[in-house]
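Novice: please work out how this folds:
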Amino acid sequence: MFHLEAAMRVSVFFQLLITIKKMEKITMKKSRLSLLLIVIFVCTLFSANAFAINDDSVVSQHIREADGTSGQDTNSGSGIKTGHMQDNAVTTGKIAGGAVTTSKVADGAVTTQKITDSAISTAKVADGAVTTSKIADGAVTDAKITGLISGTKLGSHSHYGADITDGTIGIERLQTYKNVRIVHKGSTDGVNTFNSITDALNSITDASENNQYIIFIMPGVYNESIVMKEWVDIKGSGQNSTKIYTATSPGILGANNATIEDFSMIVENLSTQLNSALKIINTSPTVRNCFLSVPGMHDPRPVLIEGGSPIIENCTIHAWSHGDGCVGIGLSEGTNAWIKNTTVSISDGWGIYAALSFDKHLNVRIDNSTVDFSQSPGWGVFAYGNASTTDLGVQITSSVMEGDIANMNNQLKIVSSMLKGDVILGSPKLVNCYDSDFNSIPNQ
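Specialist: Numbering: from 1, shown residues only. Reported below is the predicted structural model:
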């Protein structure tokens, strides 16, 4: 197309030269004017289309490289400038991998709608690049989290039971700590996790003052009795969550330097008498937040303390008999017990029975506690000592005692408490006490 047009223009040019020859006879003035007009005409023909650029005729080698100094001014310098490109002219396919670096992206330039689903992989995110302020509330759902979350990714803070949905943290996800044993209903390794408290206790052979252990009992119903070990604490998940049943008495046998707490122990299905949920013999454990029950037995004694200095707090002690009487808490010689914030709830019999028959001491302190009867009130407190006993002391403070009071040859003191029964035997020392109608009882 270009060559044909050029040939035609050359032909016209030669025709014009012939015409010029024929006009040589014309006067000089006219000749000069005509020649000027002819030259102007020829220049016009050549400048209009003779050197026009056809479609797709400019190749890369005809474009001068950018000079790197003239900026984006399209009227100077060389290279392709911003003004030469229309909006949306640069598509994804035109951008090489890794071509757009962090420094090329303006702050705030990348908005949510500019990112396609799954476009940003883990490898594309630098450590620490995604801060809290960049994550919208509720943006990270369970479906967006795969695999494990390491401890280094969690801040230092505590979580309570209400924060954790049931089943979201399995035992296999918990860090194993030295001297911790877990008892639960799931799979076990026989080293740190077990299905029974007895197995967990048996796995501990080196407990000491400088190497103490704790056993956590997860929610569930267990069937076994417990023989405590010194320097090993046992902690359940709450009275209503961890329940232990046994047909063995005692359900729990105490030990020195150990705490047991936060579960229920129920002793049942025994035809014998004098069965206990907790028995302490010359040891000094701490028993806290427990439900201790011996229901439907003959002459049950849910808590029996025979020496030692135990602490019982925030517990419920429960029993009911077949009509032959219960002993809620039985205390005998050699005992220095502290019972606080505890409820003794029995069907009949004796709420607290303190007896000293030999030449030994007994010192019991009961604070902020309650004795009540579900059937026929019996003895709220029965303190007994032989004629030669002088080292017997039971002091009850800020408590509620249902049932009668007996004080035989001992030192029973009741201070600032409600007495719902009568003093039947002996003369206990009463200070600032009152009856069930809040009438003052004379001090004595």
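Novice: tell me the buried residues in the longest strand belonging to the chain?
Specialist: Assignment by DSSP state E gives strand 286-297 as the longest strand of the chain. Buried positions in strand 286-297, judged by neighbour count with 16 or more other Cβ atoms under 10 Å: 286, 287, 288, 289, 290, 291, 292, 293, 294, 297. Every residue, glycine included, has its C-beta placed from N, CA and C.
Novice: with adjacent residues omitted, what lies nearest to the fifth one?
Specialist: This means residue 290. Excluding its sequence neighbours, the residue lying closest to residue 290 (Cβ to Cβ, 6 or more residues apart in numbering) is residue 315, at 4.9 Å.
Novice: burial of that neighbour, as a residue count?
Specialist: 25 (other Cβ atoms under 10 Å).
Novice: quick one: it and residue 291 touch, right?
Specialist: Yes: judged on Cβ atoms under 8 Å, residue 315 makes contact with residue 291 at a distance of 7.2 Å.
Novice: contacts for stretch 424-432?
Specialist: 383, 404-416, 419, 423, 440-444 (Cβ atoms under 8 Å, 6 or more residues apart in numbering).
Novice: who's in contact with residue 300?
Specialist: 274, 275, 276, 294, 319, 320, 321, 326, 327.
Novice: and the residues you listed, which of them are buried?
Specialist: 275, 276, 294, 319, 320, 321, 326, 327.
Novice: can you list these in CSV and add secondary structure, distance to residue 429 and pLDDT?
Specialist: Converted to CSV, these look like this (DSSP: H, G, I helix; E, B strand; the rest coil; distance: Cβ to Cβ, whole Å; pLDDT from 0 to 100):
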residue, secondary structure, distance to residue 429, pLDDT
275, coil, 34, 86
276, coil, 30, 90
294, strand, 32, 91
319, strand, 29, 87
320, strand, 32, 82
321, strand, 31, 79
326, strand, 27, 84
327, strand, 24, 88
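Novice: grab the nearest non-local neighbour of residue 182.
Specialist: That would be residue 193: by Cβ to Cβ, 6+ apart, it lies 4.7 Å from residue 182.
Novice: ok so, going back, pull the contacting residues for the residue nearest to residue 290.
Specialist: 287, 288, 289, 290, 291, 292, 342, 343.
Novice: distance of the fifth one from residue 237?
Specialist: Using Cβ to Cβ, to the nearest Å, we find residue 291 at a distance of 13 Å from residue 237.
Novice: which of the contacts of residue 315 lies closest to residue 101?
Specialist: residue 289 (60.6 Å; Cβ to Cβ).
Novice: what sits against the closest residue to residue 417 other than its chain neighbours?
Specialist: Leaving aside its sequence neighbours, residue 417 sits nearest to residue 399 (Cβ to Cβ, 6+ apart; 4.6 Å). Counting by Cβ under 8 Å, 6+ apart, residue 399 touches 366, 367, 368, 369, 370, 371, 414, 417, 418.
Novice: identify the bridge partners of residue 345.
Specialist: Counting by DSSP bridges, residue 345 is bridged to residue 318, residue 372.
Novice: hmm, it is touching residue 375, no?
Specialist: No: counting by Cβ under 8 Å, residue 375 is not a contact partner of residue 345; they are 11.0 Å apart.
Novice: which of those two has more neighbours?
Specialist: More crowded of residue 345 and residue 375, by other Cβ under 10 Å: residue 345, with 20 against 13.
Novice: contacting residues for the more buried one?
Specialist: 316, 317, 318, 328, 370, 372, 373, 374.
Novice: now, of those residues, which are buried?
Specialist: Buried residues within those, counting neighbours by 16+ other Cβ under 10 Å: 316, 317, 318, 328, 370, 372, 373.
Novice: the fourth one - nearest residue in space that isn't next to it in sequence?
Specialist: Setting aside the residues directly before and after it, residue 328 is nearest to residue 344 in space (Cβ to Cβ, 6+ apart), at 3.7 Å.
Novice: need the pLDDT of the one you found.
Specialist: Looking at residue 344, its pLDDT is 92.
Novice: now it: how far from residue 403?
Specialist: Counting by Cβ to Cβ, the gap from residue 344 to residue 403 is 10 Å.
Novice: which of those two has more neighbours?
Specialist: residue 344 (29 against 26).
Novice: wait, that one sits on residue 366?
Specialist: No: in this structure residue 344 lies outside contact range of residue 366 using Cβ under 8 Å: 9.6 Å.
Novice: wait, is residue 58 part of a strand?
Specialist: No: counting by DSSP: H, G, I helix; E, B strand; the rest coil, residue 58 is not part of a strand but coil.
Novice: burial of it, as a residue count?
Specialist: Residue 58 has 10 nearby residues by other Cβ under 10 Å.
Novice: before we move on, back to that, any idea how far the longest strand of the chain is from the chain center?
Specialist: Relative to the centre of its chain, strand 286-297 is centred 30 Å away, using Cα atoms, centre = their mean, to the nearest Å.
Novice: hmm, who's touching whichever helix or strand comes after that strand?
Specialist: Toward the C-terminal end, the helix or strand that comes next after strand 286-297 (DSSP states H and E) is strand 303-306. With Cβ under 8 Å, 6+ apart as the contact definition, strand 303-306 has outside contacts at 250, 274, 276-282, 292, 312, 317, 327-335, 337.
Novice: alright, that wraps it up for me.
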